[in-house]
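Visitor: any chance you can model this:
(one chain, ligands or ions: 1)
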Amino acid sequence: MRNMLLGGIFIMIVVISAEISQADPPPAKRSQETIIIALNNWSSQIVLSRILGHLYAQMGYRVSYQTISLSEQWGALARGIVHIQVEVWEGTMAQMFFRMIQEGGIVDAGSYPVKTREDWWYPAYVERLCPGLPNWEALKRCASLFAVPETSPRGRYLAGPWEKPDEARIRSLGLNFQAVQVQESSQLWVELDKAVQNQAPIVLFNWAPNGLDTVYEGKFVEFPDYEPECETDPTWGVNPNHVNDCGNPTNGWLKKAAWSGMDTKWPGSLHVLENLSLDNTMFSRLTAMVVVDKRSHEQAALKWILENRELWENWIPTDFKKGSPP
Ligand code: TMO
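Guide: A predicted model of the protein is given here:
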């Protein structure tokens, strides 16, 4: 009797669950493992990572974030310890990116429709103080103008917290400058703001698109045009004995990268990453939400998700569109 009762209940459960799955077909098999998105230390990268995280959550995937440096991220991506880098900038990351792709650990998840630039930059009024800018040779004549106690008599070039061959370039081009690296990208904007208030000379690392271009007018220094040989062939360029006697690319690309095993483990995830696409204006707006309007990265991401549903809904494969809204 008891067995019959249990059997009856069992059959009922089977019937009910069969009915449920008929009304609402089961979603594609979803891994319960967590997709880990690499976070670096500039605003658009962090906001975009969180936007992508919301899209994966919509698809029913678990997501977490891992703060990691540019130098450490490549090994982590290749081993599947982190799975995604949403912003690979040509000026900063091209060499490692292509090396890792060749070794097979990561895949190229496509480019954003943007042109990027990362280089020495100054606010517009500096041109009056150092005539001849944006040509780099003007910096030879006015180096001492940019001196601070820490670097005097040499000029200070305020560098971002990323490994870059600035000292090599300074030497190759015979500039009387010293690179001083900040610990956090936000310090760049603090120093820029201070200089602008005082109309003081400053030259610092900056990049485009970057939401600050809506606040500060300025220009990149025009160094000798970039060519790959500049980084490998000492005889190339104005200095016949040293490499790095050129600027960064002026029409750089911006790509996305993923661990090569990602799409097998989380079906559809690579497709969404490939579809993730913003243009220069959208990038600038995204950054401005944080650096100008002082929103948190997560607030900016949520605002973007709410305002751009028509756009991102098309990035998600149809069989994943059953998730609940963010
Ligand atoms: C990689 N970055 C945008 C900070 O130059």
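Visitor: residue numbers of the stretch 1-150 of the chain in contact with the ligand?
Guide: Where the stretch 1-150 of the chain comes near the ligand, counting by CB under 6 Å from any ligand atom, the residues are 42, 89, 92, 118. Where you see a C-beta, it was placed from the backbone N, CA and C, and this is true even at glycine.
Visitor: how about stretch 202-219, does it reach the ligand?
Guide: Yes - interface with the ligand: stretch 202-219 contributes W207 (CB under 6 Å from any ligand atom).
Visitor: quick check: buried residues in that stretch?
Guide: 202-213, 216, 218 (16 or more other CB atoms under 10 Å).
Visitor: cool, stretch 299-309 as well?
Guide: 300-302, 304-305.
Visitor: over to stretch 159-167?
Guide: Those would be 159-162, 164, 166, for stretch 159-167 by 16+ other CB under 10 Å.
Visitor: for it, measure first residue to last.
Guide: For stretch 159-167, the first-to-last residue distance is 10 Å (CA to CA, to the nearest Å).
Visitor: what average pLDDT does it get?
Guide: Averaged across stretch 159-167, pLDDT comes to 92.
Visitor: and what of stretch 68-85?
Guide: Averaging pLDDT along stretch 68-85 yields 97.
Visitor: V63 is in contact with A57, correct?
Guide: Yes - A57 is in contact with V63 according to CB atoms under 8 Å; the separation is 5.8 Å.
Visitor: who's more crowded, the two?
Guide: Per other CB atoms under 10 Å, whichever of A57 and V63 has more neighbours is V63, with 21 against 15.
Visitor: need the contact list for that one.
Guide: 34-37, 53, 56-57 (CB atoms under 8 Å, 6 or more residues apart in numbering).
Visitor: check what pLDDT it gets.
Guide: 98.
Visitor: with D319 instead?
Guide: So, for D319, pLDDT stands at 83.
Visitor: number of nearby residues for it?
Guide: Neighbourhood size, D319 [other CB under 10 Å]: 12.
Visitor: might you report the residue contacts of the residue most central in space within the chain?
Guide: The centroid of the chain falls nearest to E87 when counting by CA atoms, centre = their mean (3.2 Å). Residues near E87 by CB under 8 Å, 6+ apart: 40, 44-45, 48, 254, 256.
Visitor: scan those and report the most crowded one.
Guide: S44 (28 neighbours).
Visitor: that one: what secondary structure?
Guide: Following DSSP: H, G, I helix; E, B strand; the rest coil, S44 is assigned to helix.
Visitor: for the remainder of this discussion, apply numbering that starts at 61.
Guide: Shifting the count to begin at 61 puts that one at S104.
Visitor: from the ligand, how far out is the spatially closest residue to it that is not a sequence neighbour?
Guide: Of all residues not flanking S104 in the chain, T347 sits nearest, at 4.6 Å (CB to CB, 6 or more residues apart in numbering). Distance, T347 to the ligand, by CB to the nearest ligand atom, to the nearest Å: 10 Å.
Visitor: now do the contacts for T347.
Guide: Taking CB under 8 Å, 6+ apart as the test, what T347 contacts is 103-104, 107, 269-272.
Visitor: any regions of the stretch 261-386 of the chain where pLDDT drops low?
Guide: Within the stretch 261-386 of the chain, the segments meeting pLDDT under 70 span 381-386.
Visitor: just the strands from it, written as ranges.
Guide: 264-268, 278-280, 314-319 (DSSP state E, counting those that start in this stretch).
Visitor: just put the ones you listed in CSV and tack on distance to R188.
Guide: CSV is the format used below for the strands of the stretch 261-386 of the chain (distance: least, CB to CB, whole Å):
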stretch, distance to R188
strand 264-268, 18
strand 278-280, 13
strand 314-319, 33
